[in-house]
Structures are given as structure tokens and as C-alpha cells.
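Asks: requesting a structural model of the entry that follows:
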Amino acid sequence: MERAAEQPAAGGILLTSGQPAATEAIRRAIVTERPPHALLLVGPRGVGKTTLALDLAAGLLCLADEPGRRPCRDCAACRKVAGDNHADLHLVVPEGAGEQIRLGQVQRLATELSLTAMEGRFRVAVICAAQRLNPDAQNALLKTLEEPGPATCLVLCADDTAPLLPTVISRTARQRLAPMTPAALTELLVAHGQAQPGQARTVALAAGGCVGLAIRLASQPEAVLARARIGRTLLALATADRRTRLGAAADLIADGAQVDAALRGEMAPTATRLQPVERRRAASFVIHVWRELGRDLAVAAHGDGRGIHDLDQLDELRDLGARVDGGSLRRFLDRLDRLALAVEGYASPELILDALLLTWPRPDSGSRRAA
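Replies: Reported below is the predicted structural model:
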């Protein structure tokens, strides 16, 4: 399901929603025809990084006479960008069983970007899921980042910068995309006809403020329920015994796989027939939800509901947050981030979840501490 395009009083039509600072930066790059030679877009999965990258590509390649009208979405170049068949737009995505971006892909891209634009004013490359660039590919990319060809714009879209080499990061202009508040995303979903008011809030909460994920979930109610189950299960497991915690991993992966398939626009896989790559993606999504929950818990511990992602669980979060040691929670969140990288590699997702389940901080058994 596609978002409705937005067009302000002056300017081209951008498809990105809920990112005013980022879209303003993209508009300036389009109007001045001076984009950064390398741009790193960072934000959680489904927040709109690829959409924004393609907005920039469409604007730079648009054939409208006035830069302020680009992208017009009506010229031949804009239609080709929308159809992913523009000769000067190069998309790089992870490939193979390990879903890596490999050396050969980067070498081919470097060759293509060294050539003069064929149809437009620029050559634009978009590297999707740039956190999946393996070390050899990242090192090969450095030369292109250091010596970009004329009229070249390279956009890296990454869920996280931790897997990227500091030398890669330092050679890019960075733009962070943050999730929308549940209220703002609810309003956007209703305004664009993606969901009815009652459903929209549930979808916005399930999507964690990420508009791309929300649009996918809006048409898949079972995935919305699966996302909600992950959060409720993790919250309940904080007070569970060791056996119960370890027994929950399979169900968490099954629910994670259902939401991941929805985000990818695919049919939900059968839980008993998940492929290794599907289990890894499912575990990554569970960890993403866990990170949100842990941060909600840390905020709720201070008795403040502002900034809480899931307000429906505010009372439970406040109660648990008041009884969980803050230092233990911070150490767990650090561990969560480290093991998220291991899942992105080749570590067993089941073993990673087991390790996290066993170290998920338990609340004090005594009375509620003062916030």
C-alpha cells in the first residue's frame, strides 16, 4: 500500500512523511542541484530511509525545467525512478543466504558511477540496508567515497551505524530519521486513508512510530496482533522463572517472523518451517521491540509518561520500572545492542534470544521503590 504524495505550496512532490528536517534538507539539495556526494540516512527499520533516498533520486533526475518543481512525478525520468528502471539510478541490496552486500556488488557500482550520466544530470546510487555491507565491501567503497565521480550522489540507508567502519561514516553527510510520535502517526494514517481512526492508533503503536512499517501493518491485522504479543510477552517475562523464559523463545521468533514478513510485503511463513535467514530477521525484530520496551521502562521508572512508546502499558511499565535496578537495566540494554550485531552476523538467533532472556533484569521482590 502506497502513501499519498505530499506537495507543499512550493516545491516538488516528496513521498516521505513525518520527517520535516530531513525533507527540508533534501529539498535544498534538489533545488540547489548540490547534493552531498555521499549521504548516510540512519534510523530504525521502516522509518522511511529508502523512501527519502528515492525522493532525492527523483528530484535530482527529474526533467522539470524549474528546480523548485522537482520531483514533478510526471516526467519520463520520474516515472522511470518510480519503476526502478532509470539508467542513472543504481540500487544495491543485500544478496544471498547471509543477506550481505559483498565486494563484487560494490566493485560493479564503482564502475557504473565512474561513467558519465546517460539520461540525467546526475548518477545516483542507493545502498539499502547499508549495515549489511561486509568489511571487504566497505573497504572497497572507501575509494568511491573519497573520489566520487562528477555529478554523483551516493546514499547509504542504514538501520544502525555500529556495523559500519568509522572511515565510511566519516566520509558521509549524516541525517538521522526518528520515529514519529504515536499521536502524529495516527493522525497521518487517518489523513491518508491508510486506516480508520480506531485501528490507526493500534497500528501506530505496533509500528513504533515508523511510518513504513505502519503502512504495511495497516493491511495485515494479524501482524499487528503479533507485534503487540511480542511486547506483552517480554514485559511478562521480566517476572517469570528461568524455565518459562527459555520456553518463550520459539513463540517470540514466530511472532517476529510474522511482523518481518508484513514489513517485507510477503506472506507470513509457517513457524515450523522458518529458514535460517527468516529466523535471523525475526530475532532482529524481537530485539528491536525489546530495545523500545527497555527504554520505555527506563523512562517510566521516573514516573513520567512523556516519551513512552506504548502508553497502553504505562501502569505496568511504571510498576516494573520502579522495582528494576537502573544499573542492571542499562547494562542489559548495552548487551542488547551488542547481541543485535551478533544476530546481524551468523550467530544463532535462538542462542542469542536465550542469552537475553536469561539476563533480562528481574524486579525486586520487595515493595515498590520510590521513583
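
Asks: how far does stretch 15-22 sit from its chain's centre?
Replies: Taking CA atoms, centre = their mean, to the nearest Å, one finds stretch 15-22 lying 14 Å from the centre of the chain it belongs to.

Asks: in it, which residues are buried?
Replies: Going by neighbour count (16 or more other CB atoms under 10 Å), the buried part of stretch 15-22 is L15, T16, S17, G18, Q19, A22. Placement of C-beta: from N, CA and C, glycine included.

Asks: ok, those residues vs D65, which is closest?
Replies: Of all the buried residues of stretch 15-22, D65 sits closest to L15, with 21.8 Å by CB to CB.

Asks: quick one: that closest one and S219, what's the gap?
Replies: 18 Å (CB to CB, to the nearest Å).

Asks: check contacts around A38.
Replies: L145, P148, C153, L154, V155, L156, R171, T172, A173 (CB atoms under 8 Å, 6 or more residues apart in numbering).

Asks: in PyMOL, how would I select just the buried ones from the residues you listed?
Replies: To isolate in PyMOL the members of those that are buried, counting by 16+ other CB under 10 Å, one can use:
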select buried, resi 145+148+153+154+155+156+171+172
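
Asks: can you flag which of the contacts of A38 belong to helices?
Replies: L145 (DSSP state H).

Asks: picking that back up, from the buried residues of stretch 15-22, which is closest to A178?
Replies: Among the buried residues of stretch 15-22, Q19 lies closest to A178 (CB to CB), at 7.9 Å.

Asks: surely the closest one touches T51?
Replies: No - applying CB atoms under 8 Å, one finds Q19 not in contact with T51, separated by 9.2 Å.

Asks: before we move on, the earlier item: least confident pick among the contacts of A38?
Replies: On pLDDT alone, P148 ranks lowest of those, at 82.

Asks: give me the neighbour count for D334.
Replies: Applying other CB atoms under 10 Å, we find 10 other residues in the vicinity of D334.

Asks: still on that earlier bit, can I get the contacts of A38 in a markdown table including distance to Q105?
Replies: Below are those laid out as a markdown table (distance: CB to CB, whole Å):
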| residue | distance to Q105 |
| --- | --- |
| L145 | 15 |
| P148 | 18 |
| C153 | 18 |
| L154 | 13 |
| V155 | 15 |
| L156 | 13 |
| R171 | 19 |
| T172 | 18 |
| A173 | 23 |
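
Asks: which of the contacts of A38 lies closest to G247?
Replies: Out of these, the member with the shortest distance to G247 (by CB to CB) is L156, at 39.7 Å.

Asks: how near is that closest one to R174?
Replies: Taking CB to CB, one finds L156 at 9 Å from R174.

Asks: one more: L145?
Replies: Distance from L145 to R174, by CB to CB: 13 Å.

Asks: list the neighbouring strands of the longest strand along the chain plus their orientation.
Replies: Taking DSSP state E as the criterion, the chain has its longest strand at strand 152-158. When pairing is defined by DSSP bridges, strand 152-158 lines up against strand 38-42 (parallel), strand 123-127 (parallel).

Asks: out of those, the one nearest L189 is which?
Replies: Of all these, strand 38-42 comes closest under CB to CB, at 22.4 Å.
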